[in-house]
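Enquirer: Sharing a sequence plus its predicted fold:
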Amino acid sequence: MTPWHIVAVTAAVTLVALTGCSLYGFRHGNDLSLIDGYYGLASLVHGVLTLLLWHPLTARGALLCGITALWALGLGTQLGVRWYREKRQHGGDVRYRMTADFLRLDHEPLGSRALHRLMLYVTVALPQVLLIAVLNLPLQFAIMTTTPGLSLLDYVGLAAVALGAVMEVSSNRQLARFRAHSQPGQTLMSGWWYWSRHPNYFGNTLVYAGCFLVALSDPSRWWTVVSPIVILIVLRFVLGVRMTDDLMLEKRKDDPTYLRYVNDTPAFLPLPPPLRQIRQRIVPPVSLPRSHN
């Protein structure tokens, strides 16, 4: 099989998986948030299938696949548990419920339910198939790179993948433990969350950036940079940081402690305190509510 045949096979597997998630969601309130659970496991699926279908096996491919598989198992488990909890407590992830409500068709003739579900499938599930396929391109092409030996760039890339994996999984764990023992209105400002307001999103981006560096063992794979660029745009500027911050600020716009945390802590890139002073000169502060005293 050629590299692009393997990419097509793994994309088809993801299409089948997300179609199954969608069908389950349609039977349970049109909530497609189970897709998030598969997103966490997707790199395991794409990486292992590529390793099995491609020959010859290289140390580079085995190491990269092993690290990303461990990361995907951890992340997939966390997202699956979060999906189950959100489903039981709130009827599903608020982002997916907002999308379903936005696309809802009111006062339509017979067949509107089917049309609504088709619109959800086309606007939510299918773009996720494309996104997952694009994000895993550097992982797959790095596994299929036959350049002998391990270069310095390989080690840097593997280290970035490992660091990003640890950061995302451990920050998610810190957040889950904090939520289980905190009071409403409290803010997590320790651990990874001291360095960044969204360390999990940064860690996720770092994993794909590391895979790209490993893929560069073959310089002709330079175009796989599309993967870290796409996930950076999605998580930093479109859905991740922006949507989460908007929802949090809407709920906690009168909370001085939270607003100070927003002002003092970088949204995405983890920064030590000395560099934050430079950031604060560039980024305009969030307005704090006036004191009533």
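Expert: Arrived safely.
Enquirer: When you work out contacts or count neighbours from here on, use the C-alpha atoms and nothing else.
Expert: OK.
Enquirer: List the buried residues of stretch 170-183.
Expert: For stretch 170-183, the neighbour count (16 or more other C-alpha atoms under 10 Å) marks 170, 171, 172, 173, 174, 175 as buried.
Enquirer: Go ahead and name everything in contact with that stretch.
Expert: 78, 188, 191, 192, 193, 199, 200 (C-alpha atoms under 8 Å, 6 or more residues apart in numbering).
Enquirer: For ChimeraX, write a command that selects the buried ones of those.
Expert: Applying 16+ other C-alpha under 10 Å to the contacts of stretch 170-183, the buried members can be selected in ChimeraX as follows:
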select :78,188,192,193,199,200
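Enquirer: can I get the contacts of stretch 170-183 in JSON lines with pLDDT?
Expert: Conversion of the contacts of stretch 170-183 to JSON lines gives the following (pLDDT from 0 to 100):
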{"residue": "78", "pLDDT": "93"}
{"residue": "188", "pLDDT": "90"}
{"residue": "191", "pLDDT": "92"}
{"residue": "192", "pLDDT": "94"}
{"residue": "193", "pLDDT": "93"}
{"residue": "199", "pLDDT": "95"}
{"residue": "200", "pLDDT": "95"}
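Enquirer: Reformat the contacts of stretch 170-183 as JSON lines; add secondary structure.
Expert: Formatted as JSON lines, the contacts of stretch 170-183 follow (DSSP: H, G, I helix; E, B strand; the rest coil):
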{"residue": "78", "secondary structure": "helix"}
{"residue": "188", "secondary structure": "coil"}
{"residue": "191", "secondary structure": "coil"}
{"residue": "192", "secondary structure": "helix"}
{"residue": "193", "secondary structure": "helix"}
{"residue": "199", "secondary structure": "helix"}
{"residue": "200", "secondary structure": "helix"}
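Enquirer: May I ask which helix or strand encompasses residue 269?
Expert: If you go by DSSP states H and E, residue 269 is not part of any helix or strand.
Enquirer: Lovely, talk soon.
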